[in-house]
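Asker: Curious how this folds, go ahead:
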Amino acid sequence: MAVYLDCASTTPTEPCVAEIMRRFVERDYGNAASPIHDYGTFARMAVDHARGQVAKLINVRRDDVIFTSGATEANNLALLGLREYGLKAGRCHLICSTIEHKAVLEPLEALTEAGFELTLIPVGSDGRIIVAELHKALRPDTLLVSTMQVNNETGIIQPLAEIADVLANHEAFWHVDAAQGVGKVLDSITNTRIDMISISGHKIYAPKGIGALITRKRQGEPPPLQPLMYGGDQERGLRPGTLPVSLIAGLGEAARCALRDHSERLAIVNQIRTRALTALAQLRPFINGDPAYCLPHVINISLPGIPSATAIRALAKVIAISSTSACTSHHTAPSHVLHAMGRTEEESAAALRLSWCHLTDEIDWEAVVTILNNLKNQTVS
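Answerer: Numbers count the residues shown, from 1 in each chain. Below is the predicted model of the structure:
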């Protein structure tokens, strides 16, 4: 069986998370909206407990946490949920970077069809947002700025502290897509200037199908969001439907472990990164993004002359990797992220993303390098 090196796409489930989920599937399966008996009461307690665990990880209030099906839904709620307010207030200018996930870019594009104007901020060759360009783009009618915490393709950590400084005296709402970085980079999303934060369970060793939107209050008031769905008053009326207690409990446990085990996990993934870089160095890869700003869980490299699909197939029995975001992997177009960073079409077409975690098995780097060297030699000949 190949070693799984696609943790930026989705992570394995932490054993203790799976254990607590099993409890709420098999035994404590009550509806949190039915606290008229012990089953429902315990379910509600479990949801409240998990809400507190997520809140502690991000350093927000318990009632700032709105559970969703994942970061994609949270992004859509944060962005499309401001539509009515923006139109009424006459603030119809939006800003995001060129390297955002499609779950941010596409909702913002949908808003432009409703009369909003979108400004895309460029990034440097290092993969980071150019903060000076954000400063220039801000206008009195800017409603929203949306940036990611960590890029999902390159692992590059974005300059959130510098962005916070630029937005310090502006009224624009600031949304951060933290799907890739939450639980791995602890401090940057605790900045109180951030109004909304999207997270996803399956990126932090919790199950798929659960996430959250964090909505910080200003002067005691949350962002003026409108729901995208109707049919119940769950989650402050912003996300109707029966709460998936087992998934929520799993996300809460994952958040608890992320905080508790952060240092230990960091040491493990840094060791894997060192071994990876040492082994791959003989291939002379082009590293996409400045390593100084890279999450230690990810390496994005290009081996010009070796198409990504060819390399992935050749390596399939040794390691399982990807070339781009899982949400765009079915498209053949070059990565919009690497294009925004100034990579050539050849470099983008040869990009490989290797991503691991503290649960990753031992990797046979010698076999990996041998396979890639053989492909390289075939290309040269």
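Asker: Need the mean per-residue confidence for whichever strand or helix holds Ala258.
Answerer: Under the criterion of DSSP states H and E, Ala258 resides in helix 245-260. Average pLDDT, helix 245-260: 98.
Asker: Downstream of it, the next helix or strand is which one?
Answerer: Heading C-terminal from helix 245-260, the first helix or strand you meet, by DSSP H and E, is helix 262-280.
Asker: Show me what counts as buried in that next one.
Answerer: Across helix 262-280, burial judged by 16 or more other C-beta atoms under 10 Å covers Arg265, Ile268, Val269, Ile272, Arg273, Ala276, Ala279, Leu280. Using the backbone N, CA and C atoms, a C-beta is placed for each residue, glycine as well.
Asker: Not counting sequence-adjacent ones, nearest residue to the fifth one?
Answerer: With sequence-adjacent residues excluded and distances taken as C-beta to C-beta, 6 or more residues apart in numbering, Arg273 is closest to Pro296, at 4.9 Å.
Asker: my guess is Asp233 meets Pro240, correct?
Answerer: Yes - taking C-beta atoms under 8 Å as the definition, Asp233 is a contact partner of Pro240 at 7.1 Å.
Asker: Report how many residues lie close to Leu160.
Answerer: Look at Leu160: counted by other C-beta atoms under 10 Å, it has 26 neighbours.
Asker: quick one: contacts for it?
Answerer: Residues near Leu160 by C-beta atoms under 8 Å, 6 or more residues apart in numbering: Thr147, Gln149, Val176, Ser188, Ile189, Asn191, Ile194.
Asker: and the gap between it and Asn374?
Answerer: 42 Å (C-beta to C-beta, to the nearest Å).
Asker: And the contacts of the biggest helix by length in the chain?
Answerer: Assignment by DSSP state H gives helix 38-58 as the longest helix of the chain. Helix 38-58 has contacts (C-beta under 8 Å, 6+ apart) with 24, 28-35, 61-65, 67, 182-183, 186, 189-190, 197, 199, 212, 214, 243, 245, 248-249, 251-253, 255-256, 258-259.
Asker: Strands - which of those residues land there?
Answerer: Val65, Phe67, Ile197, Ile199, Ala212, Ile214 (DSSP state E).
Asker: want to throw these into JSON lines with pLDDT, neighbour count and distance to Asn288?
Answerer: Listed next are the ones in strands among the contacts of helix 38-58 as JSON lines, based on pLDDT from 0 to 100; neighbours: other C-beta atoms under 10 Å; distance: C-beta to C-beta, whole Å:
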{"residue": "Val65", "pLDDT": "98", "neighbour count": "27", "distance to Asn288": "34"}
{"residue": "Phe67", "pLDDT": "98", "neighbour count": "25", "distance to Asn288": "34"}
{"residue": "Ile197", "pLDDT": "98", "neighbour count": "28", "distance to Asn288": "26"}
{"residue": "Ile199", "pLDDT": "98", "neighbour count": "32", "distance to Asn288": "25"}
{"residue": "Ala212", "pLDDT": "98", "neighbour count": "33", "distance to Asn288": "30"}
{"residue": "Ile214", "pLDDT": "98", "neighbour count": "27", "distance to Asn288": "29"}
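Asker: hang on, the earlier thing: closest to Gln219 among the buried residues of helix 262-280?
Answerer: The shortest gap between Gln219 and any of these belongs to Arg265, at 37.0 Å (C-beta to C-beta).
Asker: surely the closest one meets Thr360?
Answerer: No - counting by C-beta under 8 Å, Arg265 does not reach Thr360; the two are 10.8 Å apart.
Asker: The residue nearest to Ala179 when sequence neighbours are not counted: what's it in contact with?
Answerer: Nearest residue to Ala179, sequence neighbours excluded (C-beta to C-beta, 6+ apart): Ala71, at 3.8 Å. If you count contacts by C-beta under 8 Å, 6+ apart, Ala71 has them with Ala103, Asp177, Ala178, Ala179, Ser198, Ile199, Ser200, Lys203, Gly211.
Asker: Sort out which of the contacts of Leu160 are buried, if you could.
Answerer: Thr147, Gln149, Val176, Ser188, Ile189, Asn191, Ile194.
Asker: Turn these into CSV, including pLDDT and distance to Ala78.
Answerer: CSV is the format used below for the buried ones among the contacts of Leu160 (pLDDT from 0 to 100; distance: C-beta to C-beta, whole Å):
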residue, pLDDT, distance to Ala78
Thr147, 98, 12
Gln149, 98, 14
Val176, 98, 9
Ser188, 92, 17
Ile189, 94, 14
Asn191, 95, 16
Ile194, 98, 11
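Asker: Cross those against helices and list the overlap.
Answerer: If you go by DSSP H, those have nothing in helices.
Asker: CSV please, covering these and showing distance to Val47.
Answerer: Listed next are those as CSV, based on distance: C-beta to C-beta, whole Å:
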residue, distance to Val47
Thr147, 30
Gln149, 25
Val176, 24
Ser188, 27
Ile189, 22
Asn191, 27
Ile194, 24
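Asker: List just the nearest of those to Ala132.
Answerer: For the buried ones among the contacts of Leu160, the minimum distance to Ala132 (C-beta to C-beta) is 14.3 Å, reached by Thr147.
Asker: angle of the helix holding Ala258 against strand 196-200?
Answerer: Taking axes from the mean of the first three to the mean of the last three C-alpha atoms, to 10 degrees, one finds helix 245-260 and strand 196-200 inclined to each other by 100 degrees.
Asker: List the buried residues in helix 245-260.
Answerer: Counting neighbours by 16+ other C-beta under 10 Å, one finds that the buried residues in helix 245-260 are 245-258.
Asker: mind listing the strands for this structure?
Answerer: Under DSSP E, the chain gives strands at 3-4, 65-68, 93-97, 117-121, 142-148, 173-177, 196-200, 211-215, 286-287, 298-302, 319-320, 351-355.
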